[in-house]
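# Please find the sequence and the predicted model below.
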Amino acid sequence: METVLKIQGVSKNFNHFDTVLHEINLSFFAQTFNVILGQSGCGKSTLINIMSGLMKPTRGNVYYKDLDISHAEKKEIIKLRRYKFSNIFQDYLLLSELTVRENIELGKTGRAHDLEYSELTERLGIETLAERFPNELSGGQQQRVSIARAMIKNPEILFCDEATGALDETNSKLVVDYLKELNKTYGTIIIFSTHNLKISTVADRIITMKDGLIEDDYQNPFPQSTFRNDIRRFS
């Protein structure tokens, strides 16, 4: 299986005494759905930010294929994030003055690799919302619009940081099911951080974190095709 992203010896300090990550070593493979589980404050958001090029590690290296993005020039990081990486956050970060269509099309690169707007919005169940504004949408609809904006450039890796954290259980299930479908349809690598244990039922691989360390890392022998309703959370 092709290794697309590799993290070697990554640590992160925010000051001399506050170490958030401790010597993290991970590899992520093509076309996989990966869940990073852990309580709030365990370091999973910091790890997502470092892997996606939004933050530099204090020590260690992050490789996208042969490129060491932890020490790459800014223009290389911008290019990588423009064409290969996308992020979805708990806060939808939609532009309030733009319609759904305009928000989504902001993510386009102008390359042939981009996905078709109509195909993507139909898959996400938001095809009828094109001319609405974000304040006219439910939380679940807004998150699906943010997914479409992140996906329309057809990224190789989609980083999801607590992407269902602001949603109720019904919308959480829908969003995870849509992400699972995008993973299967387009081969997008999904790296999804969450404290929701049940999201791991759809994952190919489950990584658990505690106190800035990898506590466990294993393959799911029977990943579910859809997210189940019985939701439990880390306390």
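Sure thing, it's come through.
# quick one: low-confidence parts of this protein?
Along the chain, the parts satisfying pLDDT under 70 run over 228-235.
# all strands for the chain, in order.
Secondary structure of the chain (DSSP state E): strands located at 3-15, 18-29, 33-37, 59-64, 67-68, 85-89, 157-161, 189-194, 205-210, 213-219.
# Same list (the ones you listed) but as a markdown table, adding distance to E76 and mean neighbour count.
C-beta coordinates here come from the backbone N, C-alpha and C atoms, glycine included. Listed next are those as a markdown table, based on distance: least, C-beta to C-beta, whole Å; neighbours: other C-beta atoms under 10 Å:
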| stretch | distance to E76 | mean neighbour count |
| --- | --- | --- |
| strand 3-15 | 15 | 16 |
| strand 18-29 | 19 | 17 |
| strand 33-37 | 24 | 25 |
| strand 59-64 | 10 | 18 |
| strand 67-68 | 7 | 14 |
| strand 85-89 | 12 | 22 |
| strand 157-161 | 16 | 24 |
| strand 189-194 | 20 | 25 |
| strand 205-210 | 27 | 20 |
| strand 213-219 | 27 | 13 |
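# Now distance to A112 too, for those, in a markdown table please.
A markdown table is the format used below for the strands of the chain (distance: least, C-beta to C-beta, whole Å):
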| stretch | distance to A112 |
| --- | --- |
| strand 3-15 | 21 |
| strand 18-29 | 26 |
| strand 33-37 | 26 |
| strand 59-64 | 21 |
| strand 67-68 | 23 |
| strand 85-89 | 18 |
| strand 157-161 | 20 |
| strand 189-194 | 21 |
| strand 205-210 | 31 |
| strand 213-219 | 34 |
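# of these, which approaches L47 most closely?
Among the strands of the chain, strand 18-29 comes nearest to L47, with 6.1 Å by C-beta to C-beta.
# isn't C160 right up against F192?
Yes. Contact criterion C-beta atoms under 8 Å: C160 and F192 qualify, at 4.3 Å.
# and the gap between the closest residue to T3 other than its chain neighbours and N61?
In space, T3 comes closest to S27 once its chain neighbours are excluded; the distance is 5.0 Å by C-beta to C-beta, 6 or more residues apart in numbering. Distance, S27 to N61, using C-beta to C-beta, to the nearest Å: 12 Å.
# intersection of neighbour lists for the two?
Common neighbours of S27 and N61, counting by C-beta atoms under 8 Å, 6 or more residues apart in numbering, are I7.
# all helices for the chain, in order.
Assigned by DSSP state H, the chain shows helices spanning 44-51, 74-83, 100-105, 117-123, 139-151, 169-186.
# got the CA positions of the third one in PDB?
Okay, so that is helix 100-105. Included here for helix 100-105 are C-alpha records, laid out as PDB according to Å, rounded to 0.1, in the frame of the first residue of the first chain:
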ATOM      1  CA  VAL A 100     -23.800  28.200  -1.200                       C
ATOM      2  CA  ARG A 101     -22.600  27.900  -4.800                       C
ATOM      3  CA  GLU A 102     -20.200  30.700  -4.400                       C
ATOM      4  CA  ASN A 103     -18.800  29.400  -1.200                       C
ATOM      5  CA  ILE A 104     -18.300  25.900  -2.700                       C
ATOM      6  CA  GLU A 105     -16.700  27.300  -5.900                       C
END
